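Please work out how this folds:
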Amino acid sequence: MKKLLIALPMIALLTACGTTDRHAKIAEDVREREYRDRQAVLDKAPDWMIKLPESKSAVYAADTAKARDYSMARQIAEQNARNTICMTAGGTSSTRMKTYSTESVTRSESISRSSCKEVDLTGAYVEKHKIINTRGGGYQAYVLLVLPTGDANVLKNQRHQQNLQEMATKRLKEVDSELN
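Down below sits the predicted model:
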């Protein structure tokens, strides 16, 4: 009986260690798989994502996003790149985050608002993009956005010329009405 009383705690201890090791192995396998998935995203990233092109007549921003929907992944990556250019040029940003938890589910929600009131992004366009299929479903989008500056920004210059023309037409009407 004494041998059984001594052996029983030893067996329980060994069983507990075995269970912990098995769960530790499962957790380690999950972490390793997640690491490999993240590494694959980095490995498949285009060179321009890691090192932005340089130009004296343009501003570049690159970003990435993951979503289950192809278009949503690209749209989020593009908007993130626009926000980067906006913030670089003096825009403002605010973020609000909410987390909801129940016993079995945790859901987080993040809302960001960027304001580029003083930053004109006319002429910005996606120069390059790459979208890959991710393991487990979904898409990873990489986007390179470029905003030409100065004379290189044809759209912005055209818009400026149009505004000047509209102001001149308005002023001409004002002057004409003053003369009558």
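
Now do the same for Tyr100: helix, strand or coil?
strand (DSSP: H, G, I helix; E, B strand; the rest coil).

just how off-centre is stretch 25-43 within its chain?
Taking the mean C-alpha point of stretch 25-43 and that of its whole chain, the gap between them comes to 21 Å (C-alpha atoms, centre = their mean, to the nearest Å).

Give me the contacts around that stretch.
Thr64, Lys66, Ile132, Thr134, Arg135, Gly136, Gln140 (C-beta atoms under 8 Å, 6 or more residues apart in numbering). In short, each C-beta sits where N, CA and C put it, glycine included.

mind running it again at 10 Å?
Met49, Ile50, Thr64, Lys66, Ile132, Thr134, Arg135, Gly136, Gln140, Tyr142 (C-beta atoms under 10 Å, 6 or more residues apart in numbering).

For those residues, point out the one with the lowest pLDDT.
By pLDDT, Gly136 ranks lowest within the contacts of stretch 25-43, coming in at 74.

So it: helix, strand or coil?
Relying on three-state DSSP, one would call Gly136 coil.

sorry, back to before: identify, from the contacts of stretch 25-43, the entry nearest to Gly150.
Met49 (25.7 Å; C-beta to C-beta).

where does that closest one land in three-state SS?
helix.

residues contacting it?
Leu42, Ala62, Asp63, Thr64, Ala77, Lys128, Lys130, Tyr142, Val143, Leu144.
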